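**Student:** model the structure of this input:
(chains A, B, C and D)
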Protein chains: 2
Amino acid sequence: MRKGARTRSSILNESLALASQLGLEGLSIGSLADRVNMSKSGLFAHFGSKEDLQLQTLKQAQTLFAAQVFAPALRQPRGLPRVKALFSNWLAWLESSDNLPGGCLILAAATEYDDRPGAVHDALAAGQRELRGAIVKAIRLAIDESHFRPDTDGWQLTFEILGIVLATHHDRRLLGDARATEHALKAFDRLIAAHQSLPSR
Amino acid sequence: MRKGARTRSSILNESLALASQLGLEGLSIGSLADRVNMSKSGLFAHFGSKEDLQLQTLKQAQTLFAAQVFAPALRQPRGLPRVKALFSNWLAWLESSDNLPGGCLILAAATEYDDRPGAVHDALAAGQRELRGAIVKAIRLAIDESHFRPDTDGWQLTFEILGIVLATHHDRRLLGDARATEHALKAFDRLIAAHQSLPSR
DNA sequence: GATGATTACGAACGTTCGTATTATATTGCG
DNA sequence: CGCAATATAATACGAACGTTCGTAATCATC
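**Tutor:** Model (predicted):
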(Lines give C-alpha, C1' and ligand atoms only; values in the text may rest on other atoms or scores of the structure.)
Protein backbone atom coordinates (compact mmCIF):
# COMPACT_ATOMS: atom_id res chain seq x y z
CA MET A 1 0.00 0.00 0.00
CA ARG A 2 2.83 2.36 0.80
CA LYS A 3 4.85 1.85 -2.35
CA GLY A 4 1.82 2.32 -4.52
CA ALA A 5 0.94 5.65 -3.00
CA ARG A 6 4.49 6.86 -3.47
CA THR A 7 4.79 6.10 -7.17
CA ARG A 8 1.27 7.30 -7.71
CA SER A 9 2.22 10.60 -6.16
CA SER A 10 5.29 10.96 -8.33
CA ILE A 11 3.17 10.12 -11.35
CA LEU A 12 0.81 12.90 -10.44
CA ASN A 13 3.60 15.41 -10.11
CA GLU A 14 4.87 14.56 -13.55
CA SER A 15 1.33 14.53 -14.88
CA LEU A 16 0.80 18.00 -13.48
CA ALA A 17 3.85 19.27 -15.29
CA LEU A 18 2.88 17.60 -18.54
CA ALA A 19 -0.75 18.68 -18.38
CA SER A 20 0.20 22.27 -17.72
CA GLN A 21 1.88 22.25 -21.11
CA LEU A 22 -0.42 20.06 -23.17
CA GLY A 23 -3.68 20.50 -21.33
CA LEU A 24 -5.58 17.81 -19.47
CA GLU A 25 -7.00 16.57 -22.75
CA GLY A 26 -3.69 16.62 -24.55
CA LEU A 27 -2.13 14.66 -21.74
CA SER A 28 -1.64 11.07 -22.89
CA ILE A 29 -1.03 7.98 -20.82
CA GLY A 30 1.68 6.67 -23.10
CA SER A 31 3.82 9.76 -23.04
CA LEU A 32 3.31 10.18 -19.30
CA ALA A 33 4.45 6.59 -18.76
CA ASP A 34 7.63 7.34 -20.69
CA ARG A 35 8.37 10.36 -18.54
CA VAL A 36 8.18 8.33 -15.33
CA ASN A 37 9.88 5.26 -16.85
CA MET A 38 6.92 2.98 -16.48
CA SER A 39 4.94 0.82 -18.81
CA LYS A 40 1.70 2.21 -20.09
CA SER A 41 -0.29 -0.55 -18.45
CA GLY A 42 1.57 -0.28 -15.17
CA LEU A 43 0.77 3.37 -14.92
CA PHE A 44 -2.77 2.86 -16.09
CA ALA A 45 -3.39 0.42 -13.25
CA HIS A 46 -3.15 3.27 -10.78
CA PHE A 47 -6.14 4.99 -12.35
CA GLY A 48 -9.21 3.25 -13.63
CA SER A 49 -9.58 5.57 -16.59
CA LYS A 50 -8.11 8.58 -18.25
CA GLU A 51 -10.79 10.79 -16.79
CA ASP A 52 -9.74 9.65 -13.35
CA LEU A 53 -6.15 10.52 -14.14
CA GLN A 54 -7.25 13.95 -15.31
CA LEU A 55 -9.32 14.42 -12.20
CA GLN A 56 -6.54 13.41 -9.85
CA THR A 57 -4.08 15.62 -11.69
CA LEU A 58 -6.41 18.56 -11.31
CA LYS A 59 -6.94 17.80 -7.63
CA GLN A 60 -3.18 17.66 -7.19
CA ALA A 61 -3.01 21.17 -8.61
CA GLN A 62 -5.86 22.34 -6.40
CA THR A 63 -4.18 20.89 -3.32
CA LEU A 64 -0.95 22.66 -4.15
CA PHE A 65 -2.87 25.85 -4.79
CA ALA A 66 -4.52 25.63 -1.41
CA ALA A 67 -1.18 25.10 0.28
CA GLN A 68 0.65 27.88 -1.52
CA VAL A 69 -2.05 30.51 -1.88
CA PHE A 70 -4.77 29.85 0.64
CA ALA A 71 -3.07 28.60 3.76
CA PRO A 72 -0.43 31.32 4.08
CA ALA A 73 -3.04 34.01 3.50
CA LEU A 74 -5.14 32.68 6.34
CA ARG A 75 -2.17 33.19 8.62
CA GLN A 76 -2.28 36.90 7.87
CA PRO A 77 -4.40 39.14 10.08
CA ARG A 78 -7.94 39.49 8.84
CA GLY A 79 -8.84 42.51 6.79
CA LEU A 80 -6.75 44.25 4.19
CA PRO A 81 -3.54 42.29 4.89
CA ARG A 82 -5.28 39.03 4.19
CA VAL A 83 -6.84 40.31 0.96
CA LYS A 84 -3.45 41.55 -0.17
CA ALA A 85 -1.84 38.24 0.71
CA LEU A 86 -4.43 36.31 -1.28
CA PHE A 87 -3.67 38.41 -4.31
CA SER A 88 0.11 38.36 -4.08
CA ASN A 89 0.20 34.65 -3.29
CA TRP A 90 -1.96 34.06 -6.32
CA LEU A 91 0.43 36.04 -8.47
CA ALA A 92 3.39 34.16 -7.01
CA TRP A 93 1.63 30.88 -7.77
CA LEU A 94 1.38 31.87 -11.42
CA GLU A 95 5.15 32.18 -11.51
CA SER A 96 5.95 28.98 -9.66
CA SER A 97 7.29 27.07 -12.62
CA ASP A 98 8.69 24.17 -10.59
CA ASN A 99 5.47 22.23 -10.89
CA LEU A 100 3.95 24.21 -13.70
CA PRO A 101 6.27 24.60 -16.66
CA GLY A 102 3.28 25.36 -18.84
CA GLY A 103 1.61 27.90 -16.60
CA CYS A 104 -1.23 27.44 -14.17
CA LEU A 105 -3.02 24.20 -14.96
CA ILE A 106 -6.19 25.39 -13.28
CA LEU A 107 -6.50 28.44 -15.51
CA ALA A 108 -5.63 26.42 -18.59
CA ALA A 109 -8.18 23.76 -17.72
CA ALA A 110 -10.79 26.42 -17.02
CA THR A 111 -10.87 27.46 -20.66
CA GLU A 112 -10.34 23.92 -21.89
CA TYR A 113 -13.33 22.53 -20.00
CA ASP A 114 -15.68 25.48 -19.91
CA ASP A 115 -17.95 23.73 -22.37
CA ARG A 116 -16.91 20.12 -21.89
CA PRO A 117 -19.33 18.63 -19.38
CA GLY A 118 -18.14 16.02 -16.95
CA ALA A 119 -16.39 15.48 -13.67
CA VAL A 120 -13.41 17.64 -14.59
CA HIS A 121 -15.62 20.58 -15.42
CA ASP A 122 -17.50 20.17 -12.17
CA ALA A 123 -14.35 19.95 -10.06
CA LEU A 124 -13.04 23.02 -11.81
CA ALA A 125 -16.19 25.04 -11.27
CA ALA A 126 -16.42 23.92 -7.65
CA GLY A 127 -12.83 24.91 -7.01
CA GLN A 128 -13.34 28.28 -8.61
CA ARG A 129 -16.48 28.95 -6.60
CA GLU A 130 -14.63 27.98 -3.45
CA LEU A 131 -11.77 30.31 -4.21
CA ARG A 132 -14.00 33.20 -5.12
CA GLY A 133 -16.13 32.63 -2.05
CA ALA A 134 -13.03 32.76 0.11
CA ILE A 135 -11.96 36.05 -1.44
CA VAL A 136 -15.42 37.50 -0.94
CA LYS A 137 -15.26 36.42 2.67
CA ALA A 138 -11.87 38.04 3.15
CA ILE A 139 -13.26 41.24 1.65
CA ARG A 140 -16.26 41.15 3.98
CA LEU A 141 -13.91 40.85 6.93
CA ALA A 142 -11.99 43.83 5.61
CA ILE A 143 -15.23 45.77 5.54
CA ASP A 144 -15.91 44.73 9.11
CA GLU A 145 -12.47 45.94 10.06
CA SER A 146 -13.27 49.27 8.39
CA HIS A 147 -10.47 48.78 5.90
CA PHE A 148 -12.90 48.94 3.03
CA ARG A 149 -15.88 51.23 2.53
CA PRO A 150 -19.07 49.60 3.81
CA ASP A 151 -20.73 49.76 0.41
CA THR A 152 -17.96 47.70 -1.19
CA ASP A 153 -19.39 45.03 -3.47
CA GLY A 154 -17.46 41.91 -2.53
CA TRP A 155 -18.25 39.87 -5.59
CA GLN A 156 -17.59 42.77 -7.93
CA LEU A 157 -14.21 43.35 -6.35
CA THR A 158 -13.43 39.65 -6.57
CA PHE A 159 -14.37 39.71 -10.24
CA GLU A 160 -11.95 42.52 -10.89
CA ILE A 161 -9.16 40.81 -8.98
CA LEU A 162 -9.68 37.74 -11.12
CA GLY A 163 -9.39 39.94 -14.17
CA ILE A 164 -6.01 41.23 -13.07
CA VAL A 165 -4.77 37.70 -12.46
CA LEU A 166 -6.03 36.47 -15.82
CA ALA A 167 -4.48 39.38 -17.70
CA THR A 168 -1.18 38.78 -15.95
CA HIS A 169 -1.17 35.11 -16.88
CA HIS A 170 -2.13 35.94 -20.43
CA ASP A 171 0.46 38.64 -21.06
CA ARG A 172 3.26 36.84 -19.33
CA ARG A 173 2.71 33.57 -21.13
CA LEU A 174 1.44 34.40 -24.59
CA LEU A 175 3.31 37.65 -25.09
CA GLY A 176 6.23 36.86 -22.83
CA ASP A 177 5.74 40.24 -21.22
CA ALA A 178 7.98 40.31 -18.16
CA ARG A 179 6.37 43.52 -16.96
CA ALA A 180 2.98 41.89 -16.54
CA THR A 181 3.45 41.50 -12.80
CA GLU A 182 4.30 45.18 -12.54
CA HIS A 183 1.05 46.08 -14.28
CA ALA A 184 -0.82 43.70 -12.04
CA LEU A 185 0.49 45.32 -8.89
CA LYS A 186 -0.35 48.77 -10.16
CA ALA A 187 -3.86 47.72 -11.12
CA PHE A 188 -4.41 46.06 -7.77
CA ASP A 189 -3.19 49.06 -5.82
CA ARG A 190 -5.52 51.35 -7.70
CA LEU A 191 -8.37 48.94 -7.19
CA ILE A 192 -7.77 48.71 -3.46
CA ALA A 193 -7.34 52.45 -3.10
CA ALA A 194 -10.72 53.02 -4.70
CA HIS A 195 -12.40 50.89 -2.05
CA GLN A 196 -10.52 51.95 1.05
CA SER A 197 -12.60 53.75 3.62
CA LEU A 198 -10.33 56.63 4.53
CA PRO A 199 -11.52 59.71 2.58
CA SER A 200 -8.60 61.41 0.82
CA ARG A 201 -5.54 62.04 2.94
CA MET B 1 -11.37 27.90 -58.72
CA ARG B 2 -14.64 29.39 -57.52
CA LYS B 3 -16.26 26.27 -56.18
CA GLY B 4 -13.22 25.40 -54.15
CA ALA B 5 -13.15 28.70 -52.36
CA ARG B 6 -16.80 28.37 -51.47
CA THR B 7 -16.60 24.97 -49.82
CA ARG B 8 -13.34 25.90 -48.22
CA SER B 9 -15.04 28.86 -46.64
CA SER B 10 -17.91 26.77 -45.34
CA ILE B 11 -15.41 24.29 -43.97
CA LEU B 12 -13.70 27.08 -42.10
CA ASN B 13 -16.94 28.29 -40.60
CA GLU B 14 -17.71 24.84 -39.30
CA SER B 15 -14.14 24.41 -38.19
CA LEU B 16 -14.36 27.63 -36.25
CA ALA B 17 -17.42 26.39 -34.43
CA LEU B 18 -15.87 23.01 -33.68
CA ALA B 19 -12.54 24.43 -32.59
CA SER B 20 -14.18 26.87 -30.24
CA GLN B 21 -15.51 23.88 -28.37
CA LEU B 22 -12.66 21.38 -28.64
CA GLY B 23 -9.72 23.71 -29.11
CA LEU B 24 -7.53 23.94 -32.18
CA GLU B 25 -5.61 20.89 -31.05
CA GLY B 26 -8.71 18.89 -30.21
CA LEU B 27 -10.15 19.66 -33.61
CA SER B 28 -9.88 16.55 -35.78
CA ILE B 29 -10.08 16.29 -39.51
CA GLY B 30 -12.33 13.24 -39.45
CA SER B 31 -14.99 14.73 -37.23
CA LEU B 32 -14.87 18.02 -39.11
CA ALA B 33 -15.38 16.13 -42.37
CA ASP B 34 -18.45 14.48 -40.92
CA ARG B 35 -19.93 17.82 -39.92
CA VAL B 36 -19.64 19.20 -43.45
CA ASN B 37 -20.59 15.89 -45.10
CA MET B 38 -17.31 15.42 -46.82
CA SER B 39 -14.74 12.70 -46.96
CA LYS B 40 -11.73 13.06 -44.76
CA SER B 41 -9.41 13.12 -47.74
CA GLY B 42 -11.56 15.54 -49.70
CA LEU B 43 -11.47 18.00 -46.88
CA PHE B 44 -7.80 17.42 -46.23
CA ALA B 45 -6.98 18.34 -49.82
CA HIS B 46 -7.99 21.91 -49.09
CA PHE B 47 -5.25 22.22 -46.52
CA GLY B 48 -1.88 20.64 -46.86
CA SER B 49 -1.64 19.77 -43.20
CA LYS B 50 -3.47 19.94 -39.95
CA GLU B 51 -1.39 22.87 -38.84
CA ASP B 52 -2.50 24.75 -41.92
CA LEU B 53 -6.12 23.99 -41.09
CA GLN B 54 -5.57 25.29 -37.57
CA LEU B 55 -3.89 28.38 -38.89
CA GLN B 56 -6.64 29.16 -41.38
CA THR B 57 -9.30 28.54 -38.76
CA LEU B 58 -7.59 30.99 -36.45
CA LYS B 59 -7.28 33.55 -39.21
CA GLN B 60 -10.96 33.13 -39.95
CA ALA B 61 -11.67 34.03 -36.35
CA GLN B 62 -9.31 36.98 -36.49
CA THR B 63 -10.96 38.27 -39.64
CA LEU B 64 -14.39 38.04 -38.05
CA PHE B 65 -13.05 39.74 -34.97
CA ALA B 66 -11.70 42.60 -37.02
CA ALA B 67 -15.03 43.00 -38.79
CA GLN B 68 -17.19 42.84 -35.68
CA VAL B 69 -15.01 44.59 -33.13
CA PHE B 70 -12.48 46.73 -34.91
CA ALA B 71 -14.18 48.14 -37.95
CA PRO B 72 -17.32 49.47 -36.25
CA ALA B 73 -15.21 51.06 -33.52
CA LEU B 74 -13.19 52.95 -36.09
CA ARG B 75 -16.39 54.47 -37.36
CA GLN B 76 -16.94 56.06 -33.95
CA PRO B 77 -15.50 59.51 -33.29
CA ARG B 78 -12.00 59.39 -31.94
CA GLY B 79 -11.50 59.72 -28.22
CA LEU B 80 -13.65 58.27 -25.49
CA PRO B 81 -16.47 57.07 -27.77
CA ARG B 82 -14.06 54.95 -29.75
CA VAL B 83 -12.49 53.44 -26.65
CA LYS B 84 -15.92 52.63 -25.30
CA ALA B 85 -16.94 51.10 -28.61
CA LEU B 86 -13.85 48.90 -28.68
CA PHE B 87 -14.72 47.57 -25.26
CA SER B 88 -18.41 47.00 -25.79
CA ASN B 89 -17.87 45.46 -29.22
CA TRP B 90 -15.36 43.11 -27.65
CA LEU B 91 -17.88 42.13 -25.01
CA ALA B 92 -20.54 41.62 -27.66
CA TRP B 93 -18.12 39.46 -29.62
CA LEU B 94 -17.73 37.19 -26.60
CA GLU B 95 -21.45 36.60 -26.64
CA SER B 96 -21.81 36.07 -30.37
CA SER B 97 -22.48 32.37 -30.22
CA ASP B 98 -23.52 32.00 -33.86
CA ASN B 99 -19.98 31.23 -34.92
CA LEU B 100 -18.60 30.48 -31.50
CA PRO B 101 -20.67 27.92 -29.60
CA GLY B 102 -17.68 27.21 -27.40
CA GLY B 103 -16.72 30.78 -26.61
CA CYS B 104 -14.08 32.95 -28.20
CA LEU B 105 -11.64 30.77 -30.11
CA ILE B 106 -8.94 33.38 -29.88
CA LEU B 107 -8.99 33.45 -26.09
CA ALA B 108 -9.17 29.67 -25.91
CA ALA B 109 -6.26 29.28 -28.29
CA ALA B 110 -4.26 31.87 -26.38
CA THR B 111 -4.05 29.61 -23.34
CA GLU B 112 -3.78 26.47 -25.45
CA TYR B 113 -0.78 27.72 -27.41
CA ASP B 114 0.94 29.96 -24.92
CA ASP B 115 3.73 27.40 -24.59
CA ARG B 116 3.34 25.48 -27.84
CA PRO B 117 5.75 27.04 -30.29
CA GLY B 118 4.85 27.22 -33.94
CA ALA B 119 2.95 29.18 -36.53
CA VAL B 120 -0.28 29.15 -34.54
CA HIS B 121 1.39 30.64 -31.50
CA ASP B 122 3.01 33.31 -33.61
CA ALA B 123 -0.21 34.27 -35.35
CA LEU B 124 -1.91 34.43 -31.99
CA ALA B 125 0.73 36.64 -30.43
CA ALA B 126 0.83 38.89 -33.49
CA GLY B 127 -2.94 39.31 -33.44
CA GLN B 128 -2.91 40.09 -29.76
CA ARG B 129 -0.17 42.65 -30.15
CA GLU B 130 -2.08 44.25 -32.99
CA LEU B 131 -5.26 44.47 -30.96
CA ARG B 132 -3.53 45.86 -27.91
CA GLY B 133 -1.65 48.36 -30.01
CA ALA B 134 -4.89 49.57 -31.51
CA ILE B 135 -6.43 50.05 -28.08
CA VAL B 136 -3.38 51.92 -26.90
CA LYS B 137 -3.66 54.13 -29.95
CA ALA B 138 -7.33 54.81 -29.28
CA ILE B 139 -6.44 55.74 -25.71
CA ARG B 140 -3.72 58.10 -26.90
CA LEU B 141 -6.25 59.81 -29.14
CA ALA B 142 -8.56 60.13 -26.17
CA ILE B 143 -5.77 61.83 -24.27
CA ASP B 144 -5.24 64.18 -27.19
CA GLU B 145 -8.94 64.98 -27.14
CA SER B 146 -8.63 65.75 -23.43
CA HIS B 147 -11.04 62.96 -22.57
CA PHE B 148 -8.40 61.24 -20.48
CA ARG B 149 -5.91 62.74 -18.09
CA PRO B 150 -2.61 63.43 -19.84
CA ASP B 151 -0.68 61.14 -17.48
CA THR B 152 -2.83 58.15 -18.44
CA ASP B 153 -0.70 55.06 -19.04
CA GLY B 154 -2.06 53.63 -22.27
CA TRP B 155 -0.64 50.15 -21.96
CA GLN B 156 -1.59 49.88 -18.31
CA LEU B 157 -5.16 50.83 -19.12
CA THR B 158 -5.19 48.35 -21.99
CA PHE B 159 -3.93 45.66 -19.64
CA GLU B 160 -6.77 46.31 -17.24
CA ILE B 161 -9.34 46.31 -20.01
CA LEU B 162 -8.06 42.92 -21.12
CA GLY B 163 -8.47 41.74 -17.55
CA ILE B 164 -12.12 42.71 -17.51
CA VAL B 165 -12.71 40.92 -20.79
CA LEU B 166 -10.94 37.78 -19.61
CA ALA B 167 -12.82 37.69 -16.31
CA THR B 168 -16.09 38.11 -18.16
CA HIS B 169 -15.34 35.23 -20.50
CA HIS B 170 -14.21 33.08 -17.60
CA ASP B 171 -17.20 33.67 -15.34
CA ARG B 172 -19.75 33.47 -18.07
CA ARG B 173 -18.44 30.23 -19.50
CA LEU B 174 -17.01 28.22 -16.63
CA LEU B 175 -19.40 29.37 -13.94
CA GLY B 176 -22.34 30.14 -16.20
CA ASP B 177 -22.65 33.48 -14.47
CA ALA B 178 -25.13 35.51 -16.48
CA ARG B 179 -24.29 38.64 -14.51
CA ALA B 180 -20.71 38.66 -15.75
CA THR B 181 -21.45 41.30 -18.35
CA GLU B 182 -22.99 43.48 -15.69
CA HIS B 183 -19.82 43.24 -13.62
CA ALA B 184 -17.76 43.98 -16.67
CA LEU B 185 -19.65 47.18 -17.41
CA LYS B 186 -19.36 48.32 -13.84
CA ALA B 187 -15.65 47.63 -13.76
CA PHE B 188 -15.12 49.43 -17.05
CA ASP B 189 -17.06 52.48 -15.95
CA ARG B 190 -15.02 52.74 -12.78
CA LEU B 191 -11.84 52.29 -14.76
CA ILE B 192 -12.75 55.00 -17.23
CA ALA B 193 -13.92 57.38 -14.54
CA ALA B 194 -10.56 57.07 -12.80
CA HIS B 195 -8.80 58.26 -15.93
CA GLN B 196 -11.14 60.96 -17.13
CA SER B 197 -9.72 64.44 -17.03
CA LEU B 198 -12.68 66.35 -15.63
CA PRO B 199 -12.11 66.82 -11.88
CA SER B 200 -15.18 65.80 -9.84
CA ARG B 201 -18.54 66.88 -11.29
C1' DG C 1 -19.97 18.89 -76.38
C1' DA C 2 -14.95 17.99 -75.90
C1' DT C 3 -10.88 19.21 -73.01
C1' DG C 4 -8.14 20.16 -69.21
C1' DA C 5 -8.11 21.58 -64.52
C1' DT C 6 -10.27 21.39 -60.01
C1' DT C 7 -12.40 19.07 -56.54
C1' DA C 8 -13.92 15.08 -54.07
C1' DC C 9 -13.77 10.26 -52.96
C1' DG C 10 -12.49 5.54 -50.96
C1' DA C 11 -9.10 2.78 -49.33
C1' DA C 12 -5.03 2.08 -47.02
C1' DC C 13 -0.75 3.50 -44.58
C1' DG C 14 1.70 3.47 -39.99
C1' DT C 15 1.09 5.32 -35.44
C1' DT C 16 -1.03 6.43 -31.25
C1' DC C 17 -4.92 6.55 -28.48
C1' DG C 18 -7.51 4.45 -24.14
C1' DT C 19 -8.61 0.16 -22.24
C1' DA C 20 -8.85 -5.04 -20.96
C1' DT C 21 -6.75 -9.28 -19.92
C1' DT C 22 -3.31 -12.12 -18.45
C1' DA C 23 1.11 -12.90 -16.43
C1' DT C 24 5.26 -11.75 -13.64
C1' DA C 25 7.85 -9.12 -10.17
C1' DT C 26 8.03 -7.01 -5.93
C1' DT C 27 6.54 -5.80 -1.53
C1' DG C 28 4.94 -6.23 3.33
C1' DC C 29 3.46 -9.18 7.10
C1' DG C 30 3.11 -13.36 10.18
C1' DC D 1 11.23 -17.80 5.29
C1' DG D 2 6.96 -18.13 2.86
C1' DC D 3 2.73 -16.64 1.39
C1' DA D 4 -0.64 -13.35 0.19
C1' DA D 5 -1.27 -8.88 -1.43
C1' DT D 6 0.09 -5.45 -4.13
C1' DA D 7 2.43 -3.40 -8.03
C1' DT D 8 4.36 -3.51 -12.55
C1' DA D 9 4.81 -5.42 -17.04
C1' DA D 10 3.54 -7.80 -21.42
C1' DT D 11 0.50 -8.25 -24.90
C1' DA D 12 -3.43 -7.39 -27.47
C1' DC D 13 -7.75 -4.99 -28.88
C1' DG D 14 -10.52 -1.78 -31.78
C1' DA D 15 -10.90 2.85 -32.86
C1' DA D 16 -9.26 7.16 -34.28
C1' DC D 17 -5.49 9.93 -35.65
C1' DG D 18 -3.00 12.64 -39.75
C1' DT D 19 -1.48 11.63 -44.19
C1' DT D 20 -0.81 9.61 -48.98
C1' DC D 21 -2.33 7.70 -53.25
C1' DG D 22 -4.85 6.62 -57.37
C1' DT D 23 -9.05 7.53 -59.40
C1' DA D 24 -13.68 9.23 -60.24
C1' DA D 25 -16.67 13.04 -60.57
C1' DT D 26 -17.48 17.76 -61.35
C1' DC D 27 -16.45 22.16 -63.00
C1' DA D 28 -15.09 26.15 -66.18
C1' DT D 29 -13.89 27.38 -70.74
C1' DC D 30 -13.50 26.98 -75.68
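**Student:** please make it C-alpha for all contacts and neighbour counts, starting now.
**Tutor:** OK.
**Student:** please name every helix or strand in contact with the helix or strand containing A:Leu53.
**Tutor:** Taking DSSP states H and E as the criterion, the element that holds A:Leu53 is helix A:50-65. When contacts are defined as 3 or more Cα pairs under 8 Å, 6 or more residues apart in numbering or on different chains; DSSP states H and E, helix A:50-65 packs onto helix A:2-26, helix A:105-112, helix A:119-144.
**Student:** wait, does that helix contact DNA strand C?
**Tutor:** Yes. On the criterion Cα under 7 Å from any atom of the strand, helix A:50-65 is in touch with DNA strand C at A:Lys50, A:Glu51.
**Student:** got the residues of chain A near DNA strand C?
**Tutor:** Near DNA strand C, when you scan chain A using Cα under 7 Å from any atom of the strand, you find A:1-3, A:27-31, A:40-41, A:44, A:48-51.
**Student:** for chain A, where's the lowest mean pLDDT among helices and strands?
**Tutor:** helix A:2-26 (a mean of 94; mean pLDDT, DSSP states H and E).
**Student:** buried ones in it?
**Tutor:** A:8, A:11-25 (16 or more other Cα atoms under 10 Å in any protein chain shown).
**Student:** could you check the angle helix A:119-144 makes with it?
**Tutor:** Put simply, helix A:2-26 runs at 90 degrees to helix A:119-144, going by axes from the mean of the first three to the mean of the last three Cα atoms, to 10 degrees.
**Student:** look up how far A:Leu107 lies from the closest residue to chain B within chain A.
**Tutor:** The minimum distance from chain A to chain B, using Cα to the nearest Cα, falls at A:Gly163 (3.9 Å). Distance from A:Gly163 to A:Leu107, counting by Cα to Cα, to the nearest Å: 12 Å.
**Student:** how about A:Gln54: what's its closest non-neighbour residue?
**Tutor:** Distance criterion Cα to Cα, 6 or more residues apart in numbering or on different chains; nearest residue to A:Gln54, sequence neighbours excluded, is A:Leu24 at 5.9 Å.
**Student:** ok so, going back, residues contacting the residue of chain A closest to chain B?
**Tutor:** B:Glu160, B:Leu162, B:Gly163, B:Ile164, B:Val165, B:Leu166, B:Ala167 (Cα atoms under 8 Å, 6 or more residues apart in numbering or on different chains).
**Student:** cool, and A:Ala123?
**Tutor:** Per Cα under 8 Å, 6+ apart, neighbours of A:Ala123: A:Leu55.
**Student:** up against chain B, what does chain A have?
**Tutor:** Within chain A, the positions near chain B by Cα under 8 Å from any Cα of the partner chain are A:21-23, A:25-26, A:102, A:108, A:110-116, A:121, A:125, A:129, A:156, A:159-160, A:162-167, A:170, A:173-175, A:183, A:187.
**Student:** so which of the buried residues of helix A:2-26 is the closest to DNA strand C?
**Tutor:** A:Glu25 (7.3 Å; Cα to the nearest atom of the strand).
**Student:** for DNA strand D, see how far away the closest one is.
**Tutor:** From A:Glu25 across to DNA strand D, the span is 12 Å (Cα to the nearest atom of the strand, to the nearest Å).
**Student:** how about that residue, what does it touch?
**Tutor:** A:Ala19, A:Gln54, B:Gly26.
**Student:** A:Trp90: which of those is nearest?
**Tutor:** Distance ranking of the contacts of A:Glu25 against A:Trp90, using Cα to Cα, places A:Ala19 first at 19.6 Å.
**Student:** OK, contacts around the closest residue to that closest one other than its chain neighbours?
**Tutor:** Closest residue in space to A:Ala19, ignoring its immediate chain neighbours: A:Leu27 at 5.4 Å, by Cα to Cα, 6+ apart. Contacts for A:Leu27 (Cα under 8 Å, 6+ apart) come out as A:Ser15, A:Leu18, A:Ala19.
**Student:** the spatially closest residue to A:Asp177 that is not a sequence neighbour: neighbour count?
**Tutor:** Nearest residue to A:Asp177, sequence neighbours excluded (Cα to Cα, 6+ apart): A:Asp171, at 5.5 Å. The local packing of A:Asp171 (other Cα atoms under 10 Å in any protein chain shown) involves 22 other residues.
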